[in-house]
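What follows is a predicted structure for the sequence shown.
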Amino acid sequence: MHSLLRVRIYPYLILAASLRSSRQYSTVAPLYAKIARPLAMSSGGGETTNEKDLREVERLRARLADAGSASSAADGGPVQIDVPALASVHIDEGANKYVLVRAREPARDEISLPARRTFVVSKKGAPYHRNAAEPFVERLLEFGYTDVRITGGGRILLDNEERKVSIFGFSYGFGKGDHRTSAELVRNDNRYQDFDVTWSDDGY
């Protein structure tokens, strides 16, 4: 990002990446749309987010919160479906937006506490982080996962030819992902054990 542009919009980027509650997001969305986004677009930085996307992010957050409340109010018995094993890493080739998703596995019996899982998910061609998150979130809910949360995001560059994975940046809608955790999950995946996996909090 151009140094002058970075100085002009950096406070708005930090604000958008750090706010969490729906009320806070609804406050910052118009501010970002009027100031930060036009500056980024005019500099050639490409599409980032807009008011509609931020509203859709809040709808997704509300839906997941409602799903969590419904699961808490249920009887808590084990699910009676065959839940397939899900890998912790689902990333597409190229430089794409990614999200970090946490969820609790379906209860398999009445004794053991369902484990909490963390997933790294990127989607090729996703215009916004929400678009990277939604298909995977749908799978988790379909398979009976509960307490699904999108804890942050950024970008992942997967280069299979060079055997490299780079994790960086942040999400306007969900905040900055824990890139250290994302990198560890990628390193622990057998498919990427011989890859050079790096992460940074810089960039968008």
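Great, that's in hand.

Report all helices and strands that the lengthiest strand in the chain contacts.
Ranked by residue count and defined by DSSP state E, the top strand of the chain is strand 146-159. In terms of contacts (3 or more CB pairs under 8 Å, 6 or more residues apart in numbering; DSSP states H and E), strand 146-159 is packed against helix 51-73, strand 94-104, strand 116-122, helix 129-142, strand 164-168, helix 179-187. Every C-beta, even on glycine, is put in place using the N, C-alpha and C of the backbone.

go with 7 Å
When contacts are defined as 3 or more CB pairs under 7 Å, 6 or more residues apart in numbering; DSSP states H and E, strand 146-159 sits against helix 51-73, strand 94-104, helix 129-142, strand 164-168.

and the helix or strand following the longest one, which strands flank it?
When you say that, I think you mean helix 51-73. Downstream of helix 51-73, the first helix or strand assigned by DSSP states H and E is strand 89-90. Next to strand 89-90 in the sheet, as set by DSSP bridges, lie strand 116-122 (parallel).

angle of the partner strand against helix 129-142?
If you take axes from the mean of the first three to the mean of the last three CA atoms, to 10 degrees, strand 116-122 sits at 140 degrees to helix 129-142.

Touching strand 116-122 from outside, list them.
Contact with strand 116-122 is made by 88-92, 96-105, 132-133, 136, 156, 181-182, 185-186, as judged by CB atoms under 7 Å, 6 or more residues apart in numbering.
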